[in-house]
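Trainee: Sequence plus the predicted model coming up.
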Amino acid sequence: MNNPAIEINGQTSRNTASTYNLNFDGTRSHSDGLKRSIEFLYEVIDKCLYRHFNGQSHSDPINFAGKNMDFEIPGYDHVFLKRAFSGEELIILLLALVPHIQPNFLDSIVQKYLPRGGDFPEIGGVKGENHRSMLPTGETALFILAGNDISERIRISRYFSSEHFFKKQGMIRLESVKEGEPVMSGKIILSQEYIDLITHGREFAPSFSPDFPAKRIVTEMDWEDLVLRPQTSSQIEDIKMWLEYHSYLEKDPVIKRKMKPGYRVLFYGASGTGKTLTASLLGKHFDKEVYRIDLSQVVSKYIGETEKNLEKVFLKAENKDWILFFDEADALFGKRSNVSSAHDKYANQEVSYLLQRVEDYNGLIILASNFKNNIDQAFIRRFNAIVHFPLPDAGERFIIWGKNIPQDLKSDDQVNFRMYADKYDLTGSAITNVMQYAALRAFSRNGHKVLTNDDILLGIKREYLKEDKIV
């Protein structure tokens with residue numbers, strides 16, 4: 001039997017010259033392009049069904065010469081959508097996309113040939129829990145692109161393998177099925193980020209939910225607002241250097257073979273010393289999204305649930321170039337204990353899973369802890385950098401006080417920032433809290449915009465009381 005093929009623009013879909021560049025921006029021309037693409041998919045499937053129900057061979061090329069599948073949208077830049085798609089890849093992409101645009105798309109074509117209903121297992125497809133129409137499966141793609149030709153069905157199935165860019169880029173995957181059922185009977189799932197890219201022309205930040213237990217953190221501050229020790233600043237510069245130039249390492253044929261993906265950093269030091277702010281500033285400086293993992297939504301008392309919750313974050317973050325920030329990381333990455341019970345055994349397995357998952361992530365991971373010694377030594381050995389954030393000394397506290405003086409307030413003669421820096425052992429975060437409280441008191445006094453010594457001392461007292469200290 002001849003190899004089945006779909007002919008597009010006069011060339012078969014297996015011909016590498018038959019490729020299509022997709023670029024989208026959400027304009028009217030973009031909507032027209034999506035409409036053309038859906039019409040193209042309809043004709044392909046309709047032709048396949050016509051041949052099937054009329055006993056014709058599926059092996060002859062389907063000619064769609066003249067179909068314009070190139071959606072040129074100027075100014076839109078996305079590394080994935082710049083690539084060229086073969087005809088077969090394009091059809092699989094459209095199959096995965098179409099339920100999100102036209103829910104009854106597949107049903108309407110099948111009903112044309114089975115108006116009274118009936119079983120049609122060859123085309124695959126499943127019903128969803130909420131979605132009432134047919135959702136395409138891997139079997140749907142096999143039927144459309146290969147018919148009943150066994151060798152071709154095997155070849156087409158490789159588009160869903162881990163080696164294809166669909167899977168590597170986290171774009172398209174097959175839903176897992178129960179053991180013993182054919183793998184290709186799983187739904188074709190298009191990642192939500194690519195649904196957004198294709199339908200709206202841009203990515204939307206994922207919403208915090210049980211399926212994504214992480215929140216994006218941003219800051220309006222700049223590096224000038226961060227006061228660090230020279231040693232700490234030097235180590236932060238090393239992280240910046242990796243973020244700026246690590247792509248060169250990945251291109252070097254010698255280094256590439258020996259380097260592990262990603263970069264792992266431990267920030268340790270007392271609360272309020274700048275760990276979270278530094279992570280936020282790194283994201284701001286390099287235009288990368290920073291997500292803080294919410295451990296309250298990740299850690300579970302049930303065996304295996306913590307790993308599942310964390311896997312959701314890693315799967316979402318793969319190939320996004322996000323910075324993942326684990327605050328109070330002791331809860332997840334704490335030291336393993338001697339096995340004295342089944343609970344200890346599974347707790348150690350949890351740490352082992354985390355160890356492997358952190359090593360596989362190809363971006364920047366930052367773990368933050370108050371104490372370095374609380375982190376398991378297996379993680380310590382694998383960190384690319386361990387950065388200490390010490391409590392600020394008097395000189396650094398004086399600089400921080402100066403950076404927090406409100407612009408719209410004057411200070412009375414009794415205000416002495418040098419004395420506050422020398423006398424009161426406060427972190428940068430605590431000093432910020434003091435000045436915000438003092439400023440509120442000043443603004444509340446009938447519009448008198450004068451900051452007093454009493455305002456600041458009351459703010460200091462509040463911060464000391466938080467930590468059960470005596471002023």
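Mentor: Done, it's in.
Trainee: Do a quick rundown of the strands in the stretch 101-250 of the chain.
Mentor: 126-127, 134-135, 172-174, 188-190, 214-216 (DSSP state E, counting those that start in this stretch).
Trainee: is it true that residue 217 touches residue 294?
Mentor: No: using C-beta atoms under 8 Å, residue 217 is not in contact with residue 294, being 11.0 Å away. Quick note: C-beta positions are derived from backbone N, CA and C, even for glycine.
Trainee: ok, back up a step: now render the strands of the stretch 101-250 of the chain as TSV, adding mean neighbour count and mean pLDDT.
Mentor: Below are the strands of the stretch 101-250 of the chain laid out as TSV (neighbours: other C-beta atoms under 10 Å; pLDDT from 0 to 100):
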stretch	mean neighbour count	mean pLDDT
strand 126-127	13	90
strand 134-135	22	93
strand 172-174	21	92
strand 188-190	21	94
strand 214-216	18	90
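Trainee: And the pLDDT for the most centrally placed residue in the chain?
Mentor: When C-alpha atoms, centre = their mean is applied to the chain, the residue found nearest the centroid is residue 317 (2.8 Å). Looking at residue 317, its pLDDT reads 85.
Trainee: all strands for the stretch 301-450 of the chain, in order.
Mentor: Using DSSP E, counting those that start in this stretch, strands in the stretch 301-450 of the chain cover 323-326, 364-369, 385-388, 410-411, 450-451.
Trainee: Columns distance to residue 467 on top of the ones you listed, output as JSON lines?
Mentor: Formatted as JSON lines, the strands of the stretch 301-450 of the chain follow (distance: least, C-beta to C-beta, whole Å):
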{"stretch": "strand 323-326", "distance to residue 467": "24"}
{"stretch": "strand 364-369", "distance to residue 467": "18"}
{"stretch": "strand 385-388", "distance to residue 467": "21"}
{"stretch": "strand 410-411", "distance to residue 467": "26"}
{"stretch": "strand 450-451", "distance to residue 467": "24"}
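Trainee: which of these sits most buried?
Mentor: Of the strands of the stretch 301-450 of the chain, the one with the most neighbours on average (mean count of other C-beta atoms under 10 Å) is strand 323-326, at a mean of 26.
Trainee: do you know how far residue 328 is from residue 356?
Mentor: Distance, residue 328 to residue 356, by C-beta to C-beta, to the nearest Å: 22 Å.
Trainee: Sorry, wrong one. I was asking about residue 372.
Mentor: Distance from residue 372 to residue 356, by C-beta to C-beta: 22 Å.
Trainee: So for the two, which sits in the more crowded spot?
Mentor: Per other C-beta atoms under 10 Å, whichever of residue 372 and residue 356 has more neighbours is residue 372, with 13 against 9.
Trainee: Now do the residue nearest to the more buried one when sequence neighbours are not counted, the pLDDT please.
Mentor: Excluding its sequence neighbours, the residue lying closest to residue 372 (C-beta to C-beta, 6 or more residues apart in numbering) is residue 268, at 4.3 Å. Residue 268 carries a pLDDT score of 93 in this model.
Trainee: try the one 5 residues further on
Mentor: The score at residue 273 is 94. That number is its pLDDT.
Trainee: What of residue 100?
Mentor: 93.
Trainee: starting at the chain centroid, how far to stretch 85-102?
Mentor: Centroid separation for stretch 85-102 versus its chain: 23 Å, with C-alpha atoms, centre = their mean, to the nearest Å.
Trainee: picking up where we left off before, quickly list what the residue nearest to residue 372 is bridged to.
Mentor: Applying DSSP bridges to residue 268 gives these bridge partners: residue 369, residue 388.
Trainee: Give me the outermost residue of the chain relative to its centroid.
Mentor: residue 413 (51.6 Å).
Trainee: circling back to that earlier point, what sits against the residue nearest to the centre of the chain?
Mentor: For residue 317, the contacting residues are 291, 324, 361, 363, by C-beta atoms under 8 Å, 6 or more residues apart in numbering.
Trainee: ok, 6 Å please
Mentor: For residue 317, the contact set (C-beta atoms under 6 Å, 6 or more residues apart in numbering) is empty.
Trainee: cool, residue 133 as well?
Mentor: Going by C-beta under 6 Å, 6+ apart, residue 133 touches 103-104, 107.
Trainee: Got phi/psi on it?
Mentor: As for residue 133, its main-chain torsions (degrees, to the nearest 10) stand at phi -100, psi 180.
Trainee: quick one on the thing from earlier: I'd like to know which of the strands of the stretch 101-250 of the chain lies nearest to residue 236.
Mentor: Nearest to residue 236, of all these, is strand 214-216, at 20.9 Å by C-beta to C-beta.
Trainee: Which neighbouring elements make contact with the closest one?
Mentor: Helices and strands touching strand 214-216, by 3 or more C-beta pairs under 6 Å, 6 or more residues apart in numbering; DSSP states H and E, are strand 290-293.
Trainee: what lines up beside the strand it packs on in the sheet?
Mentor: Strand 290-293 is paired, per DSSP bridges, with strand 214-216 (antiparallel), strand 323-326 (parallel).
Trainee: List of residues touching that strand?
Mentor: Residues outside strand 290-293 that contact it (C-beta under 6 Å, 6+ apart): 214-217, 279-280, 283, 322-327.
Trainee: Likewise for stretch 385-402?
Mentor: Among residues not part of stretch 385-402, those counted as contacts by C-beta under 6 Å, 6+ apart are 227, 235, 265-267, 269-270, 273-275, 417-418, 420-422, 428, 431.
Trainee: Sort out for me which of the residues you listed are in helices.
Mentor: Cross-referencing those against helices under DSSP state H gives 235, 275, 417-418, 420-422, 428, 431.
Trainee: I'd like to know which of these are buried.
Mentor: Buried subset of the ones in helices among the contacts of stretch 385-402 (neighbour count, 16 or more other C-beta atoms under 10 Å): 235, 275, 417, 420-421, 428, 431.
Trainee: Of those, just say which sits nearest to residue 382.
Mentor: residue 235 (16.7 Å).
Trainee: Once you drop chain neighbours, what's closest to that closest one?
Mentor: Residue 235 sits nearest to residue 387 (C-beta to C-beta, 6+ apart), 4.5 Å away.
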